[in-house]
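Undergrad: Provided below are the primary sequence and the corresponding predicted coordinates.
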Amino acid sequence: MKKLLILTILLVFFSACISPNTTHGVKNTAGIVVKDDFNYTVVIKKYPSRIVSLAPSNTEILFALGLGDKIVGVTDYCNYPPEALNKTKVGGYSTINIERVIALKPDLVVAAYGNGKETIEVLKRANITVVALNPKNIEGIKRDILLLGKITNTEENATKLIKWMDNIINNVKKKVKGKRKVSVAHILWHDPIWVSGKNTFIDEVISIAGGYNVFNFQGWKVISVEDLIEKNPEVILVSSGSGMGGKKDIVYEWIVNDERLKCVRAVKNGKVYVVDADIISRPSYRIAIAVETVAKLLHPEAFK
């Protein structure tokens, strides 16, 4: 059970950093032709009226674009906005029930890296239009918002959503400009200890918020307790719940109660902070809120 939980957590994070983004969108006489983040060429013959979302981040974006009434299926983890809870469930993030998806007769499925390439290809072979997203960074998230806007006839809403993100992020940049960079570690699981490294959108959040990541390796990796003690970060950020939400903040409880970590500056000075896992772990427009949230933790004086 623990292995399955860890795998699910990591799939959510890995979904943001593996495949390169492509340039989206060109119209022709056959409809709209786009290339998605898996480098698939996708032909949109008509604007969709029945959409299935296979990732929480996709669901958040689709609702924000005003497409809630067109969404007919979501995953078990799709909990935002609250209206998503009332949609038909098609399985877990990495355990999609393909038969259930097909039964909903979607004219568009919005997939993600964590669904698995095989799942995406099976749906394509069933003659279902699939667009697969895998943004590597905040700019990638914005490109995917524009892509979804283009293929769903909500481009104006997509542009407004990106402007909203930019306003929040630019405001944070102004407030932390000139501030000393704070050393930060982001821990998403504790057994083993998984942390966010470079080339992740978590690292980008930390940087924009006026901090720097103490771990310089690429992507997400397992570290030892000794590694964490050696890096001695001023601030430790942990995802709420079990790494993907939930009531008990498991990682936080471990950090503040492990005697071996009492010497780490963040623990010693009471600067271990819980951040909403749904906001910081999903490549959605709400990543802008994560930037602001982290900035207020690192530089509270700048927001008074």
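TA: Cool, the structure landed.
Undergrad: Can you tell me how far residue 69 is from residue 170?
TA: Separation of residue 69 from residue 170 (CB to CB, to the nearest Å) stands at 32 Å. Any C-beta I mention is one placed from the backbone N, CA and C, and that applies to glycine too.
Undergrad: got it, and residue 186?
TA: Taken as CB to CB, the span from residue 186 to residue 170 is 23 Å.
Undergrad: When these two are compared, which one has more neighbours?
TA: residue 186 (29 against 12; other CB atoms under 10 Å).
Undergrad: who's in contact with the strand or helix carrying that one?
TA: According to DSSP states H and E, residue 186 maps onto strand 182-190. Applying CB atoms under 8 Å, 6 or more residues apart in numbering, the contact partners of strand 182-190 are 6, 9-10, 13, 193-196, 202-203, 206, 210-215, 220, 228, 231-239, 243, 250-251, 254-255, 266, 280-281, 298-299.
Undergrad: Quick check: next helix or strand after it?
TA: Sequence-wise, the next helix or strand downstream of strand 182-190 (DSSP H and E) is strand 193-196.
Undergrad: elements contacting that following strand?
TA: When contacts are defined as 3 or more CB pairs under 8 Å, 6 or more residues apart in numbering; DSSP states H and E, strand 193-196 packs onto helix 2-14, strand 182-190, strand 220-223, helix 225-231.
Undergrad: hey, C-alpha coordinates of that strand in PDB?
TA: The C-alpha trace of strand 193-196 is given here as PDB (Å, rounded to 0.1, in the frame of the first residue of the first chain):
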ATOM      1  CA  ILE A 193      12.900  11.100   1.500                       C
ATOM      2  CA  TRP A 194      11.900  12.500  -1.900                       C
ATOM      3  CA  VAL A 195      12.800  16.100  -2.600                       C
ATOM      4  CA  SER A 196      12.400  18.500  -5.500                       C
END
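Undergrad: Buried residues of that strand, list them for me.
TA: By 16 or more other CB atoms under 10 Å, the buried positions in strand 193-196 come out as 193-196.
Undergrad: Could you do stretch 40-48 as well?
TA: Going by neighbour count (16+ other CB under 10 Å), the buried part of stretch 40-48 is 40, 42, 44, 48.
Undergrad: Which members of these occur in strands, if any?
TA: If you go by DSSP state E, the buried residues of stretch 40-48 have 42, 44 in strands.
Undergrad: Identify, from the buried residues of stretch 40-48, the entry nearest to residue 105.
TA: Using CB to CB, residue 48 comes nearest to residue 105 of the buried residues of stretch 40-48, at 11.4 Å.
Undergrad: how about the residue lying closest to the closest one once chain neighbours are set aside, what does it touch?
TA: Sequence neighbours aside, residue 108 is the residue nearest to residue 48 in space, at 3.6 Å (criterion: CB to CB, 6 or more residues apart in numbering). By CB under 8 Å, 6+ apart, residue 108 lies in contact with 44, 48, 50-52, 129-131, 151-152.
Undergrad: Only the buried subset of the residues you listed, as a PyMOL command please.
TA: The buried subset of the contacts of residue 108, as determined by 16+ other CB under 10 Å, is captured in PyMOL by this line:
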select buried, resi 44+48+51+52+129+130+131+151+152
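Undergrad: Quick check: the farthest pair among the contacts of residue 108?
TA: 44 and 52 (15.0 Å).
Undergrad: pLDDT score for the closest residue to residue 165 other than its chain neighbours?
TA: Once flanking residues are discounted, residue 165 sits nearest to residue 288: 4.2 Å by CB to CB, 6+ apart. pLDDT recorded at residue 288 is 98.
Undergrad: Next, the angle from the one helix or strand residue 288 maps to to strand 182-190.
TA: Element membership of residue 288, judged by DSSP H and E, is helix 287-298. Relative orientation of helix 287-298 versus strand 182-190 (axes from the mean of the first three to the mean of the last three CA atoms, to 10 degrees): 120 degrees.
Undergrad: pull the CA atoms of helix 287-298 into CSV?
TA: Coordinates of the C-alpha atoms in helix 287-298 are reproduced here as CSV (Å, rounded to 0.1, in the frame of the first residue of the first chain):
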residue,chain,number,x,y,z
ILE,A,287,0.6,27.5,-9.4
ALA,A,288,0.5,31.3,-9.3
ILE,A,289,-1.1,31.0,-5.9
ALA,A,290,1.7,28.7,-4.9
VAL,A,291,4.2,31.4,-5.8
GLU,A,292,2.5,34.0,-3.7
THR,A,293,2.0,31.5,-0.8
VAL,A,294,5.7,30.6,-0.7
ALA,A,295,6.8,34.2,-1.1
LYS,A,296,4.8,35.2,2.0
LEU,A,297,6.5,32.3,3.9
LEU,A,298,10.0,33.3,2.8
